[in-house]
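1. mind folding the following:
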Amino acid sequence: MDTLKLIDSGDTTELMQRMGRDARQAARRIALASTEQKDAALRAMAASIRAKASAILAANAEDVAEAKSNGQTSAFIDRLLLNPQRLEAIAAAVESVAELPDPVGRVLARFERPNGLKIERVATPLGVIGVIFESRPNVTADAGALCLKAGNAAILRTGSDSFRTSMVIAEAMGEGLEKADLPAYAIRLVPTRDRAAVGAMLSGLNGNIDVIVPRGGKSLVARVQDEARVPVFAHLEGLNHVYVHEKADLEMAKNIVLNAKMRRTGVCGSAETLLVDRACAATHLKPLVAMLLDAGCAVRGDAATQAADPRVTPATEEDWRTEYLDAIIAVRIVDGLGEAITHIETYGSHHTDSIVTNDDAAAQRFLAEVDSAIVLHNASTQFADGGEFGFGAEIGIATGRMHARGPVGVEQLTSFKYRIHGSGQTRP
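-> This is a model prediction of the structure:
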C-alpha cells in the first residue's frame, strides 16, 4: 500500500509546512462553500467510505494484528477494531452531519445602538483545525466531517496503531470532497508516523493552524497543553463517577451503574468510580457490587466495599485517579452529598459525572456544584456523546472552560464576527 511508505524524518518538516499551506488555501474555499455543496461532499464521503469497505477492513485487520503483537490490552483492541457494522456506523455518522443545520452564518445576536448602528454577531468558521488523536479510526471520519460542515479545513494526525485504517478512510473522504468540487486537501491525514509531525502541528505551522484538538490519553493531552503555540480544546481522560445518593431507587441505580460501566468499557463516557452513600449502603451496596462482579467487572473497594463481597479487592489511592477503560471499577462509601462532591472534585477529570436520586434538592445541588463538562441526574454517564446530544458526530468531549466545553460538534467549531450596518454615522 503506497500510503504506508513512510516519509523519512528529514522530510517531515517540509511535509508539514506544505500541508499547512495547502490547508490554509483550502480553508478559504470551504469557508465560502454553500450549505448544499458541503452537504453533497459529506454524502459523497459516506458513499466513498462504503465503496472502500473492503480496503478499510483489510487495513484495519493489519492494524489490529500489529496491536495484538505489541501486547495491547483488550480494551485498546476494542477501540481500534472495525467490523462491517462499525464501518457502516462511521459512514452513517458522516451522512448524519449533512442533515445538521449549517452553523456558519447564523445570527447569534442582533441589537441596535442609540446612534442607529445595527449590530449583528454572526457565526464564522475557525479556519484550520488540527486534530491529534490516538487509536480510534472513526475519529478520522467524525473530525473531518464536522470540520467541513463548520466551514473549516482539517489536518488530522492519528496514532501509529490506527495509521493504516485512518489513511484509507482519509483517502475516501478526499474523494468525496473532489466529487463535490471542493479541494481534497481540505481534509488531510498526516501521511507519516514520524512523531516530529506532532511537534510541527503544535508549533502552528507558521500560523496555518488556528486551533488544536487533542483526543487521547493523559500524556498526549498534557504534551499538547504544554507545547502548543495555538489555542487548544483539551479533551482530558474520562475519570467519571456515578454517585448513588441515599434517596436512590435501587433498581434504577443498578440499571444506571451497569450501563455506565459495562455498556462499552473503552469509551471516555464509561464510569470508573462508584460512590455509594453510607445512608443507603446497607440496602444498596451489596446488590450493586454483586451485580458488577457477576457481569464480569473487577471491583476494587474500600474496607466497607470489601466487606460486602469477598470477591472485591482492596482499592489504593491510585485507583481513585485511574481511568481504566476496562471492566474494572473503584467503589467507595461516602458520608453524604458533600463528601461525594468533594471526592469528585479531588479525583475527577471534569468530564462526566452522574447522581442517582429521587431527591430533587440533592440533584440540583449536585448539578450546580460538580464542575464537570457534563453532569447528569438519573442517567448513565455513557450519554457523554455528541450523537446523544443531537450534535451528530463529535471530535471529542472538551473538559476545559474556554470556548468549547462538553461534546465538540459543528457549533463548537465556529467563532463569530460582528457585522455593523450604518446610515452614514461618524464617531464624535
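2. how much space between Arg401 and His350?
-> In this view, Arg401 and His350 are 9 Å apart by C-beta to C-beta, to the nearest Å. For every residue, glycine as well, the C-beta is placed using N, CA and C.
3. more crowded one of those two?
-> Neighbours were counted for Arg401 and for His350 using other C-beta atoms under 10 Å; His350 has more, 22 against 11.
4. identify the residues contacting that one.
-> The contact partners of His350, by C-beta atoms under 8 Å, 6 or more residues apart in numbering, come to Leu236, Asp371, Ser372, Ala373, Thr399.
5. how about low-confidence regions in the stretch 251-400 of the chain?
-> Where the stretch 251-400 of the chain drops to pLDDT under 70, the residues are 392-393.
6. where do the strands of it begin and end?
-> Here the stretch 251-400 of the chain has its strands, by DSSP state E, counting those that start in this stretch, at 271-277, 298-301, 313-314, 328-334, 352-356, 374-377, 397-398.
7. comparing these, which comes out most buried?
-> strand 352-356 (a mean of 29; mean count of other C-beta atoms under 10 Å).
8. adjacent strands (with direction) for that strand?
-> Sheet pairing here is set by DSSP bridges, and for strand 352-356 it gives strand 240-244 (parallel), strand 374-377 (parallel).
9. can I get those strands in TSV including distance to Gly127?
-> Formatted as TSV, the strands paired with strand 352-356 follow (distance: least, C-beta to C-beta, whole Å):
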stretch	distance to Gly127
strand 240-244	32
strand 374-377	27
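10. returning to what we had before: closest to Lys254 out of the strands of the stretch 251-400 of the chain?
-> Lys254 lies closest, by C-beta to C-beta, to one member of the strands of the stretch 251-400 of the chain: strand 352-356, at 9.5 Å.
11. buried ones in the helix or strand where Ser166 lies?
-> According to DSSP states H and E, Ser166 maps onto helix 163-179. Neighbour-count burial for helix 163-179 flags 163-177, 179 (criterion: 16 or more other C-beta atoms under 10 Å).
12. looking at those, spot the one nearest Glu339.
-> Glu339 lies nearest to Ser166 out of these, by C-beta to C-beta, at 43.6 Å.
13. contact partners for that closest one?
-> Applying C-beta under 8 Å, 6+ apart, one finds that Ser166 lies in contact with Pro137, Val139, Thr140, Leu156, Thr158, Leu189.
14. ok so, going back, so which two of the contacts of His350 are the farthest from each other?
-> Leu236 and Asp371 (12.9 Å).
15. which of these two has more neighbours?
-> Between Leu236 and Asp371, counted using other C-beta under 10 Å, the more crowded position is Leu236 (24 against 13).
16. surely that one is in contact with Thr399?
-> Yes. Between Leu236 and Thr399 there is a contact under C-beta atoms under 8 Å: 4.3 Å.
17. which neighbours do those two share?
-> Residues touching both Leu236 and Thr399 (C-beta under 8 Å, 6+ apart) are Ser349, His350, His351.
18. and which of the residues you listed is nearest Ala44?
-> His351 (34.4 Å).
19. phi, psi for Cys147 please.
-> phi -60, psi -40 (degrees, to the nearest 10).
20. tally of neighbours for the nearest residue to Glu323 once chain neighbours are set aside?
-> Computed as C-beta to C-beta, 6 or more residues apart in numbering, the closest residue to Glu323 that is not its neighbour in sequence is Glu237, at 4.1 Å. By other C-beta under 10 Å, 20 other residues sit near Glu237.
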